[in-house]
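Student: structure here, sequence nowhere to be found:
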């Protein structure tokens with residue numbers, strides 16, 4: 001675990017208030033803790049629980065920990081007891097309803113769709129227009145006020161529904177790592193909210 005928490009390593013850090021999510025970089029490591037510097041001026045408190053994410057060759061690294069010391073934007077974090085790597089197939093998928101427009105790559109053609117579910121790996125759409133498995137589609141929309149999606153959508157499976165439309169499952173392409181992390185955390189948060197309802 002400590003090999004991933006090295007000087008200059010960059011993490012997405014999410015405190016108790018998800019709206020204060022930001023990035024941080026590791027300044028140094030110590031005995032039982034490591035020191036990070038936040039990229040923004042978010043205010044964290046001592047003993048505050050935080051979640052950290054980072055993209056690694058083994059997958060998306062995720063762990064939870066607590067702040068030990070807080071000095072402005074410089075934070076001491078306790079080494080986590082446990083961590084896990086999330087592979088693409090393990091991304092949390094949530095039901096999500098939103099009407100969006102996607103645009104066929106290299107054209108001006110836009111298509112109205114409804115998002116049915118979403119994960120950090122891709123999404124499922126409903127549309128009255130038949131998409132092509134050989135084309136990519138620009139997808140750009142807000143999930144909430146903190147998370148925006150800006151990437152290409154590649155259809156993988158298209159099924160005709162019983163009302164003359166199509167259900168399209170596909171994956172995201174050219175999605176920035178930091179945006180994928182934001183999407184993972186968004187899905188985690190929504191899943192927890194749904195379980196607690």
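Tutor: Right, received. Where do you want to start? Note that this is a predicted model, so its numbers are computed, not measured. Residues are numbered from 1 along each chain as shown.
Student: tell me the average confidence for stretch 164-176?
Tutor: Taken as a whole, stretch 164-176 has an average pLDDT of 92.
Student: buried ones in that stretch, by neighbour count?
Tutor: Within stretch 164-176, the residues scored as buried using 16 or more other CB atoms under 10 Å are 165, 166, 168, 170, 171, 172, 175. All C-beta spots, glycine's among them, are computed from the backbone N, C-alpha and C.
Student: do the same with stretch 121-133
Tutor: 121, 122, 123, 124, 125, 126, 127, 131.
Student: again with stretch 177-184
Tutor: Applying a neighbour-count criterion of 16+ other CB under 10 Å, the buried positions in stretch 177-184 are 179, 180, 181, 182, 183, 184.
Student: next one: stretch 112-123
Tutor: For stretch 112-123, using 16+ other CB under 10 Å, the buried residues are 113, 115, 116, 118, 119, 120, 121, 122, 123.
Student: among those, which are in strands?
Tutor: Using DSSP state E, 113, 115, 116, 118, 122, 123 are the members of those that sit in strands.
Student: and of those, the nearest to residue 40?
Tutor: Closest approach to residue 40 among those (CB to CB): residue 118, at 25.9 Å.
Student: who does the closest one bridge with?
Tutor: residue 94, residue 123 (DSSP bridges).
Student: spit out the contact partners of it.
Tutor: 93, 94, 96, 124, 143, 183, 187 (CB atoms under 8 Å, 6 or more residues apart in numbering).
Student: with adjacent residues omitted, what lies nearest to the first one?
Tutor: What that stands for is residue 93. residue 119 (4.1 Å; CB to CB, 6 or more residues apart in numbering).
Student: pick the one among the ones in strands among the buried residues of stretch 112-123 closest to residue 16.
Tutor: Closest approach to residue 16 among those (CB to CB): residue 118, at 24.0 Å.
Student: strands of the protein, start to end?
Tutor: Under DSSP E, the chain gives strands at 10-14, 22-29, 33-38, 49-56, 59-71, 74-78, 84-86, 94-104, 110-118, 122-127, 137-142, 148-160, 166-173.
Student: ranked by average pLDDT, which of these falls at the bottom?
Tutor: Looking at those, the lowest mean pLDDT belongs to strand 84-86 (a mean of 80).
Student: what number of residues lie near residue 93?
Tutor: For residue 93, the neighbour count with other CB atoms under 10 Å is 16.
Student: which ones are touching residue 60?
Tutor: Residue 60 neighbours (CB under 8 Å, 6+ apart): 53, 54, 85, 86, 87, 120, 180, 181, 184.
Student: tell me the bridge partners for residue 148.
Tutor: The residues that residue 148 bridges to, once DSSP bridges is applied, are residue 142.
Student: spit out the contact partners of it.
Tutor: For residue 148, the contacting residues are 140, 141, 142, 179, by CB under 8 Å, 6+ apart.
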